[in-house]
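[1] Predicted structure and sequence below. I'll ask about it afterward.
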Amino acid sequence: MLDPLKGPFIAAEEFFTLTGRALRNIFRRPHYGADIILQMDSIGVGSLLLVVLVGFFAGVVMALQMAHALRDYGQVSKTGTLVAITLARELGPVFSALMVAGRNATGIASELGSMKVTEQIDAMRALGTDPVQKLVTPRVVATGLMLPPLTVIADFVGLIGGWIIAVAILGLTSVQYWSSAWHSLKWYDDVLQGLLKPLIFGLTLSLIGCFYGLRTTGGTQGVGRATTQAMVTSAVFILILDVMMTKIFVGQGG
Amino acid sequence: MAESTLAPILRFEDVSVAFDGSPALIGVSFQAVAGESRVILGAAGSGKTVLLKIALGLTRPDSGRVFVFEREIGSMRERELMDVRSRIGMLFQESALFDSLTIEENVAYPLENQKAIRCPPEEVRPRVAEALEFVELGDTLEKFPSELSGGMRRRAAIARAVVTAPPLVLYDSPTAGLDPITAHTIMTLLIKQRDLARTTTLIVTHRYQDGNLAANFRYNSKLGRLEPARNGARSGARTTFMVLREGRLVFEGDQDRLEASPDPYVSKFVKPRV
């Protein structure tokens, strides 16, 4: 009767085991520094343009939508405040994470999945290397390190997008926009939340990508399946974790 | 018998393993002694590859015991297994060369990563060059696996498997998917490696010709080619055949017994001797 639940429970156990090993390996030798740098370049620099574009348009749309709502209360001058808070707390971290998940969790799953089905993972173990140490830990560390700065860049570019709308369409001055945006941000609630969220999202999406990649079976078809599962699962978990972390921060007075 | 006094290099004791409820190996027991060649025949899905992966500690058996170099590997942790694996060479079915590394880096990989090998950095390149010369791929150091043909990739993978001079080498379907001429070249390399380095060799294959070559030919280093040598005449070493059927070991013995076997499944793998 409980057989249908067995699969998800085993998968969850395997995921947490992989998470434990990947994080423990950060403090164990050998350290693959060159692989971490390579992954930081691939994940961080490679995702920069995507994140900039998403951040910019998120800022533009937020300014247009918020100004429309604020006009009813005669508070259009507060556009900067709303754009800044929404971007720093929610849209910046979530959109950046979803973009990086789309680009990198899938990339990781397909790369490791291809290695799995062509026995390269087995070969790695046979030739004296722990695949978790060599492949998973560098990807997790690199994504965890790169997503917070990418999010900060997305937030900033989003603010610029909002500023263009505020000045060009809403008739605000630059000083009005930037001062309301700057003064609205608080260290604990916004900046910490805006950095902690991408760190957790980065670790989660890279672990999910590695997890599905390493359990790939069934040849090239299996690689495609692993890639899709990595995207869907990481997107769902990003949103669930966002709700949980927002609740924690809001509960603490945010 | 002389061979019974030789140290067992690999021993399976009633080994069984199943994946998702379907058995892959059922109660398999055998032992390979130093210098012996074992040819493992069987249809696709009969458990040949699983047997090699269990020998290497990549897959853990559900029951039974596996001894490699007289050490029981079933209860070993992954880090302990690394030491055992450093003394085993393995050719994977599809070569399993790392796509992102050059051929030189691929062949150097075990020398640089297997701690037990302790290869000084200055010795890595000469040993890689020597291993690639052995498989006649000396001019491919800077190439990537995707730039090589299937047969060349298989040869590069053999170089990677034997670069550390392991006493036990496992070959998983070394000639699968290759044309007859390339397959013969690969088998020549296997026999050359076996006879020059005197390694214990396990060859998984579904081609009887491969087993026939291993059993009846030896490498003549002066002539640089294979020459006939009837079973047992090869410096006291011998070739044993094993046949797997749906995870069970249904035959174990020399070529004469194999060819005389009345079992219809076993006789399907036997062709007239060359």
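    Thanks, I have the structure now. Remember, predicted model here, so these are calculated numbers, not experimental data. Numbers count the residues shown, from 1 in each chain, chains lettered A, B, ... in the order given.

[2] so what's the residue nearest in space to the middle of chain A closest to, chain neighbours aside?
    Closest residue to the average C-alpha location of chain A: A:Ala97 at 2.3 Å, with CA atoms, centre = their mean. If the residues on either side of it in the chain are set aside, A:Ala97 comes closest to A:Phe201, at 3.7 Å by CB to CB, 6 or more residues apart in numbering or on different chains. Every C-beta, even on glycine, is put in place using the N, C-alpha and C of the backbone.

[3] now A:Ala109
    A:Ala230 (3.6 Å).

[4] Dihedrals phi and psi, that neighbour?
    phi -60, psi -40 (degrees, to the nearest 10).

[5] And A:Ser47, by the same measure?
    Here A:Ser47 shows phi and psi, under degrees, to the nearest 10, equal to phi -100, psi 0.

[6] Tell me how many other residues surround it.
    22 (other CB atoms under 10 Å in any protein chain shown).

[7] which ones are touching it?
    A:Ser47 sits next to A:Met99, A:Val100, A:Arg103, A:Asn104, A:Met146, A:Leu150 when contact means CB atoms under 8 Å, 6 or more residues apart in numbering or on different chains.

[8] For stretch A:68-80, buried residues please.
    Judged by neighbour count using 16 or more other CB atoms under 10 Å in any protein chain shown, the buried positions of stretch A:68-80 are A:Leu70, A:Val76, A:Ser77, A:Lys78, A:Thr79, A:Gly80.

[9] Output the contacting helices and strands for the host helix or strand of the fifth one.
    The secondary structure element spanning A:Thr79 is helix A:79-86 (assigned by DSSP states H and E). Helices and strands in packing contact with helix A:79-86 are listed as helix A:46-71, helix A:137-168, helix A:174-184; criterion 3 or more CB pairs under 8 Å, 6 or more residues apart in numbering or on different chains; DSSP states H and E.

[10] which of those is buried the deepest?
    helix A:137-168 (a mean of 23; mean count of other CB atoms under 10 Å in any protein chain shown).

[11] Any part of that helix near chain B?
    No - applying CB under 8 Å from any CB of the partner chain, one finds helix A:137-168 out of contact with chain B, separated by at least 12.9 Å.

[12] hmm, back to that, average pLDDT for the helix holding A:Thr79?
    In this model, helix A:79-86 has an average pLDDT of 85.

[13] need the residues of the stretch 101-250 of chain A near chain B, please.
    A:114-115, A:118-120, A:122-130.

[14] Recalculate using a threshold of 10 Å.
    Counting by CB under 10 Å from any CB of the partner chain, the stretch 101-250 of chain A comes close to chain B at A:111, A:114-115, A:117-130, A:132, A:134, A:217.

[15] which one is A:Ile238 nearest to, not counting chain neighbours?
    A:Ile238 sits nearest to A:Ala97 (CB to CB, 6+ apart), 4.8 Å away.

[16] The one you found against A:Ile208, yeah?
    No - judged on CB atoms under 10 Å, A:Ala97 makes no contact with A:Ile208 at a distance of 11.4 Å.

[17] so what sits against both of the two?
    Residues touching both A:Ala97 and A:Ile208 (CB atoms under 10 Å, 6 or more residues apart in numbering or on different chains): A:Ala105, A:Ser234, A:Ala235, A:Phe237, A:Ile238.
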